[in-house]
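Participant: A structural model of the following input is requested.
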Amino acid sequence: MDRLLPGTTHFTLYPFKADLMFEALTRLFGKTETPADLSDPKLAVAALLVHLAAVDGSMGEDERRAIRGALMDHYDLDEPAVDKLIRDAAQQDADAVDFYKFTSGLTRLEMDDRVEIIRMMWTVVFADRKNHELEDNMVWRIAELIGVSSRDRTILRNQVRGKAAEAEDQ
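Facilitator: Residues are numbered from 1 along each chain as shown. Coordinates of the predicted model:
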């Protein structure tokens, strides 16, 4: 069956191939990409750290180093592994609409591990020696979502800020 080409002012005929269009749509929407395993805390934490570093509008080299260092130290990763983890995390962060997909699995961790996540977040915040209100708000929200008390969050902020100030003085 022939139809008029939509949006034209002249009569251009083209063959309408419903089966080809259906096939193209099926390929487009039927893609079965393997989703990243967000039950792996490393990927979820890395995605949160990547988002945190950029939440104030820029990600500096100090923040990049803080993310790499925190992930390498906490998860005992080598450089190639942490680079891959950060690339995967950045992709997951770009695809995310909220923090739930990252925090839902983290609530099952032991409290010490959840507190350590908040410590890593503060380390990234203070890597550039500034505490932007958007960064502060994000750490507060993540702490609430994973069950870290406001008292612990505040103590950690003060500890990490103090260490950052000491490092700057040296």
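
Participant: Identify the residues contacting the nearest residue to G60 once chain neighbours are set aside.
Facilitator: Leaving aside its sequence neighbours, G60 sits nearest to D128 (Cβ to Cβ, 6 or more residues apart in numbering; 5.2 Å). To be clear about C-beta, it is placed using only N, CA and C from the backbone, and glycine gets the same treatment. Shown in contact with D128 (Cβ atoms under 8 Å, 6 or more residues apart in numbering): G60, D62, E63.

Participant: Need the pLDDT of D128.
Facilitator: Here, the pLDDT recorded for D128 equals 89.

Participant: Ok, L85 next?
Facilitator: 97.

Participant: likewise M111?
Facilitator: For M111, pLDDT reads 97.

Participant: In contact with it, which residues?
Facilitator: G147, V148.

Participant: which residues of this structure score low on pLDDT?
Facilitator: Scanning the chain with the threshold set as pLDDT under 70 gives 1-39, 170.

Participant: now the spatially most central residue of it: how far from L134?
Facilitator: Ranked by distance to the mean C-alpha position of the chain (Cα atoms, centre = their mean), the top residue is A47 at 2.7 Å. A47 sits 17 Å away from L134, going by Cβ to Cβ, to the nearest Å.

Participant: F99 too?
Facilitator: 13 Å.

Participant: of those two, who's got more company?
Facilitator: A count of neighbours by other Cβ atoms under 10 Å puts F99 above the other of F99 and L134, at 19 against 13.

Participant: ok, the more buried one touching E144?
Facilitator: No - using Cβ atoms under 8 Å, F99 makes no contact with E144, being 10.2 Å away.
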